[in-house]
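> build me a model from this:
(chains A and B)
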Amino acid sequence: MASRTFHIWRAEAGEEGGFQEYSTDITEGMVVLDAVHQIQAESAGDLAVRWNCKAGKCGSCSAEVNGNPRLMCMTRMSDLPEDQPVTIEPMRAFPLLRDLVTDVSWNFEVKKAIRKFKPRPPDAEDGTWRMDQRDVDRVQEFRKCIECFLCQDVCHVLRDSQKHDEFIGPRFFVHTAALEMHPLDTEDRLADLRKAQGVGYCNITKCCTKVCPEHITITDNAIIPLKERVVDRFYDPVRNLFRIISGR
Amino acid sequence: MKTAEHDVLVIGAGGAGLRAAIEASAAGVSVGLVTKSLLGKAHTVMAEGGIAAALANVDERDDWKTHFADTMRGGQYVNNPTMAELHAREAPARVRELEAWGAVFDRTPDQRILQRNFGGHKYPRLAHVGDRTGLEMIRTLQDHGIHLGIDVQMECTVTRLLTDGNRVIGAFAYEREQGRFRLFRASSVVLATGGIGRAFRITSNSWEYTGDGHALAYEAGADLIDMEYVQFHPTGMVWPPSVRGILVTEGVRGEGGVLRNSEGRRFMFDDIPDLYRTQTADDEEEGWRYTQGDKEARRPPELLTRDHVARCIVREIREGRGSPHGGVFLDIAWIRERLKDSESHIRRKLPSMYHQFMELAGIDITKEPMEVGPTTHYVMGGVRVDGETQMSAVDGLFAAGECAGGLHGANRLGGNSLSDLLVFGKRAGEHAARFARANPRSAPDGAEREQVAAAEQDALAPLERQEAGGSGVGAYQIQSELQDLMQTRVGIVRNQEEIEEGLEGVLALRDRADSVAASGNRAYNPGWHTALDLPNLLLVSEAVARTAAERKESRGAHFREDYPAKSERWGKTTLVVRKGSGGGMELAEEAVTSPRDDLLRIIEENR
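Residues are numbered from 1 along each chain as shown, chains lettered A, B, ... in the order given. Okay, here's the model as predicted:
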């Protein structure tokens, strides 16, 4: 058993805040979230941390560990360098509530504004549909998303440029892609994507893909195809000419 | 105090709570939904294997009657037969409804919803999405629900129900963010708070599972039933220590995974219960054929019910045939002997198991066996409700999902939980809306003020104790001691002496919890929150210990080494827990409800 040092961000909402040093004993197989809980129980009863499942399935315990956006429950202590303190800080793209907990409510508001699933009429008389596994595979990749919002945390359009009012972020492009590519869906979200949701702001740096704990190929499989659809619809010169002539 | 008024208030936003809120909202009443966590994070998200429903897409012989009979057999015939019937009849429609709301299930070759084998189910019955079915279900309900005008209050914890005589009139809660108090007035309330797993050391359950709904209902005057039946899932991770208890889906066995001891023996073949003898494979060859869809073959013994498999694993470990870290081996990698592309097959069918072991244990399950052992998973016991409406003994108070009792009897079949949430979440929402319409809440009176004042005082007490002197015990310490106590004294193998030690220990901890103190202020303070969860955990622990001590037989998940057989007398008895007039916990024996004649015939036909 070896003791390790942690620098954990402590702050109340609206305060400056700073790192505080803690140390705790680390045993085999421990993840960062275990260490935080142990510190809570030993020496910092009111250290705020958000978590639920501790199994990488709920996406609650997102934070920045040694500067990298990670799920604390899926980051093993043994994977972090032993010769330096482990720093843990909250996601920086969202307002702080306290310590490691941020206000992610903006994400829930964004989702409400996205047009919901609208299926075609059932294929069979018993009210059911037929879908091929091959068509389903593509959507299932997007539906693996656990809404940890780490992709939102690293997206520079949100983190640095603060375009929260004009840009929905990688998580919701994945959500929109899951709807647009759903074999049964009939809704049209392209105009929204172009204007209100700002898909054009994404310049494909793929930061979101790199941090996704579910290994969703966010940029290549979700965002780029959506961009292409928007371009095909709104920026195709032949279509534009037709639009001008027809007045539509 | 911020006050909200709703026709229906739903407490809990997992599968049952969301489904109830959707249904109540569709009935045109105003709905409030309160959740301890963020939306979409509730324990449902962790469900892996699938939703049990007799769709008969993979095996056309399946129907609701077989599902009903399987559920009753799995529950050792002490289930509420009305609930078991409605559940089996309505589950298929509830699954199809999810598809209409956007869920994307795995498909059969003819493009319908695929179903997989699971323990205790005669036919492949579980609609699923790889091994992340719970995520698909909660996300589908969440994304459907957010467009219905439901008033969602996230990260908000109810600590007390408000009553007027035997009628529920609302709830008192605190917000995690700033620690502010909230008052919810409602004409009816649906409890959908899940289970009690955090009372045990080794558990697959998240921090939220502190028995809130059980305790709220009990304090409000409702009955709890079947609390002695706590399900220990046979396969949780055992190594490394920090991940001990994390679930390993039964789907691994459904896809052909086998259990072996340190001698390499498939020990599950050594002990097959009489109830299942005719349904179980004679040899390994037949078992394999079953998992590959051979309709003539019978299921391998690894797919016996969870209570039995968990006990067999404990036996192997106790008798010295366990794995290096105190479990047994679960091997799916062996199927490479049978399947050409076994590695990619395993990754496709069990993607999150693959990642879980790779990332948390450094084990590649396509190449080597896992080490697994039992983990506290589910409580069959819960609030006693009317089988059709889900209303408790308190007027206007409904319960659905894990916090309700009755459907699963003495042992739940895998996959029957997700279908339970859908079927009875819908029913609870529908009837809560109907009740609210027919019986609107009358104006608040002095009683509400008194209850709210008392609730405020209770909630603030831990912080005030700290300020007053700071000598009190910490909540984490008490919770941790309780978990060890329940794990070792009222766990998977029980006897009178240990259960009584457990009960005494729980009562002693309760006394100490009266002086629990929390440092810091009210803003997002986990120490304070843990202190406020404690009374609920202690209450459900007491109920489990008392009923476990009382039931002097072994049935389903309740195993007594001092009474290892089933008894006819106890097979006819349900144990009911309620708050006595003196304030202490009261136990009562009541007769198990006998199924209707037509249902009895179905059970007989499926013997």
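> now do the contacts for the residue nearest the centre of chain A.
Nearest to the geometric centre of chain A sits residue A:149, at 2.8 Å (C-alpha atoms, centre = their mean). By C-beta atoms under 8 Å, 6 or more residues apart in numbering or on different chains, the contact list for residue A:149 reads A:59, A:62, A:91, A:94, A:104, A:107, A:171. Bear in mind the C-beta positions are built from the backbone N, C-alpha and C, glycine included.
> change it to 10 Å
Residues in contact with residue A:149 (C-beta atoms under 10 Å, 6 or more residues apart in numbering or on different chains) are A:59-60, A:62, A:69, A:91, A:93-94, A:102, A:104, A:106-107, A:155, A:158, A:169-171, B:38.
> which ones among the residues you listed lie within helices?
Using DSSP state H, A:106, A:107, A:158, A:170, A:171 are the members of the contacts of residue A:149 that sit in helices.
> quick check: closest non-adjacent residue to the second one.
Excluding the flanking residues, the one nearest residue A:107 by C-beta to C-beta, 6 or more residues apart in numbering or on different chains is residue A:149, at 5.7 Å.
> with the first one instead?
Sequence neighbours aside, residue A:164 is the residue nearest to residue A:106 in space, at 6.1 Å (criterion: C-beta to C-beta, 6+ apart).
> does residue A:185 touch residue A:131 like I think?
No - if you go by C-beta atoms under 10 Å, residue A:185 and residue A:131 don't touch, sitting 11.3 Å apart.
> okay, and the common contacts of the two?
Shared contacts of residue A:185 and residue A:131, defined by C-beta under 10 Å, 6+ apart, are found at residue A:139.
> returning to that earlier point: read off the pLDDT value for the residue nearest to the centre of chain A.
For residue A:149, the pLDDT comes out at 98.
> now it: how far from residue B:100?
Residue A:149 is 28 Å from residue B:100, where distance means C-beta to C-beta, to the nearest Å.
> for residue B:480, list the residues it contacts.
Applying C-beta under 10 Å, 6+ apart, the residues contacting residue B:480 are A:41, B:201, B:474.
> just the element for the first one, please.
Right, the one you point to is residue A:41. Assigned by DSSP states H and E, residue A:41 belongs to helix A:32-42.
> now that helix: buried residues?
Residues A:32, A:33, A:34, A:35, A:36, A:37, A:38, A:39, A:40, A:41 are the ones in helix A:32-42 that count as buried (16 or more other C-beta atoms under 10 Å in any protein chain shown).
> OK, contacts around residue A:209?
By C-beta under 10 Å, 6+ apart, the neighbours of residue A:209 are A:151, A:154, A:170, A:215, A:216, A:217, A:218, A:219, A:220, A:221, A:222, A:223.
> count the neighbours of the closest residue to the second one other than its chain neighbours for me.
Taking C-beta to C-beta, 6+ apart as the measure, residue A:154 lies nearest to residue A:207, with 4.5 Å between them; neighbours along the chain are not counted. Using other C-beta atoms under 10 Å in any protein chain shown, residue A:207 has 18 neighbouring residues.
> with residue A:164 instead?
17.
> so it makes contact with residue A:93?
Yes - with contact defined as C-beta under 10 Å, residue A:164 reaches residue A:93; the gap is 9.1 Å.
> quick one: average pLDDT of stretch B:557-571?
Mean pLDDT, computed over stretch B:557-571, is 96.
> let's verify residue B:163: helix, strand, or coil?
The three-state assignment at residue B:163 reads strand, by DSSP: H, G, I helix; E, B strand; the rest coil.
> ok, it touching residue B:220?
Yes - look at residue B:163 against residue B:220 with C-beta under 10 Å: they come within range, at 5.3 Å.
> overlap in contacts of residue A:164 and residue A:93?
A:106, A:152, A:157, A:158.
> now for those residues: which two are most distant?
A:106 and A:157 (13.6 Å; C-beta to C-beta).
> comparing those two, which shows the higher neighbour count?
Neighbour count, other C-beta under 10 Å: between residue A:106 and residue A:157, residue A:157 has more, with 21 against 18.
> which of the buried residues of helix A:32-42 has the weakest pLDDT?
Out of those, that is residue A:41, at 91.
> that residue reaches residue A:22, doesn't it?
No - using C-beta under 10 Å as the test, residue A:41 is too far from residue A:22 to be in contact (11.6 Å).
> let me see the domain layout of chain A.
Domain ranges of chain A: A:2-102, A:105-246, per automatic domain parsing.
> in chain B, what residue is nearest chain A?
Per C-beta to the nearest C-beta, residue B:240 is where chain B lies closest to chain A, at 2.0 Å.
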